[in-house]
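A.B. asks: output the structure for:
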Amino acid sequence: MNHLGLAARSAPATKLAFEDDVRTSLRKALQFGRVELVTVESSLAASGPLAEPTDVVVAAKSKVPQLAIEVQWHPRGEDHSSFANAAMADVVKMAVARSKGVVEQAGVLVAAPARFWRWLPGYSEDRVGYELLGAEQGTPATLKSDFLANSTWDYMFESGMDHEVPDRLWSSVLGSADLRSPWAEMELRLLEVKGLGNARAVR
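C.D. replies: Below is the predicted model:
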């Protein structure tokens, strides 16, 4: 555990150390009792945005993976809005992946301190899109993807996001857990993500 204690002294190191640990733990948990291989940092496609590595991928007997999950860890010192933007990019990526049929089920594991989850509802009131991160258990969030045409989301497409996005984006909380340690206090929420309707160009 010493490497975690040292990593906690700087935000970038904390993010890398804890994200790697969460990714590895998630892979082991999903692999337990399963014949199909669970991998980390695997691509969902040979080219395009989905060729960028996805954190955890559960293979299937068919060519299409059963499950793909992106992990976002809120490090110390990072502002909430930057973290929310990174998580939203993962939500859109996973919705596109599900819509294209390259994975059967897609999710985003968001790990953030309680102050982030308290901050999010107020922030999303005046900014369309972020409510996808704030879905509550039993209360899915859904909205039309045309909000992505706003300049707020330029960063996402400048980074290579597919310009064709499902007509609606949908998210729901599959489960949540609290993490308490001397180095971090986090609430983890696993969001199931999918796209509804035909894909259309938002840019």
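A.B. asks: please make it C-alpha for all contacts and neighbour counts, starting now.
C.D. replies: OK.
A.B. asks: the nearest residue to Trp117 once chain neighbours are set aside in helix, strand or coil?
C.D. replies: Sequence neighbours aside, Gly134 is the residue nearest to Trp117 in space, at 7.7 Å (criterion: C-alpha to C-alpha, 6 or more residues apart in numbering). What DSSP: H, G, I helix; E, B strand; the rest coil gives for Gly134 is coil.
A.B. asks: tally of neighbours for Gly134?
C.D. replies: 21 (other C-alpha atoms under 10 Å).
A.B. asks: show me what contacts it?
C.D. replies: 117, 120-121, 141 (C-alpha atoms under 8 Å, 6 or more residues apart in numbering).
A.B. asks: tell me which two in these are the farthest apart.
C.D. replies: Distance extremes for the contacts of Gly134: the farthest pair is Trp117 and Ala141 at 15.4 Å, using C-alpha to C-alpha.
A.B. asks: more neighbours: the two, which one.
C.D. replies: When Trp117 is set against Ala141 and neighbours are counted by other C-alpha under 10 Å, the residue ahead is Ala141, at 19 against 16.
A.B. asks: tell me the spacing between the more buried one and Leu174.
C.D. replies: Distance of Ala141 to Leu174, given as C-alpha to C-alpha, to the nearest Å: 13 Å.
A.B. asks: can you check Val128 too?
C.D. replies: Distance from Val128 to Leu174, by C-alpha to C-alpha: 22 Å.
A.B. asks: again with Arg34
C.D. replies: Relative to Leu174, Arg34 is positioned 20 Å away (C-alpha to C-alpha).
A.B. asks: higher neighbour count, those two?
C.D. replies: A direct count of neighbours by other C-alpha under 10 Å for Arg34 and Leu174 places Leu174 higher, at 16 against 10.
A.B. asks: what packs against the helix or strand harbouring the more buried one?
C.D. replies: Here Leu174, judged by DSSP states H and E, is contained in strand 164-180. When contacts are defined as 3 or more C-alpha pairs under 8 Å, 6 or more residues apart in numbering; DSSP states H and E, strand 164-180 packs onto helix 80-100, strand 141-144, strand 185-201.
A.B. asks: what sits up against it?
C.D. replies: So strand 164-180 is contacted by 92, 95-96, 99, 132-133, 135-146, 185-203 (C-alpha under 8 Å, 6+ apart).
A.B. asks: got it, and stretch 194-203?
C.D. replies: 94-96, 98-99, 105-106, 145-146, 148-149, 163-171.
A.B. asks: what sits against Val57?
C.D. replies: Applying C-alpha under 8 Å, 6+ apart, the residues contacting Val57 are 38-42, 65-69.
A.B. asks: what does Glu19 give?
C.D. replies: Contacts of Glu19 by C-alpha under 8 Å, 6+ apart are 71-73.
A.B. asks: tell me if it really is in a helix.
C.D. replies: Yes. Membership of Glu19 in a helix is supported by three-state DSSP.
A.B. asks: look up phi and psi at Ala45.
C.D. replies: Dihedral pair for Ala45: phi -150, psi 160, per degrees, to the nearest 10.
A.B. asks: so what's it closest to, chain neighbours aside?
C.D. replies: Ala51 (4.7 Å).
A.B. asks: also Val193?
C.D. replies: Here the residue nearest Val193, using C-alpha to C-alpha, 6+ apart, is Ser171, at 4.6 Å.
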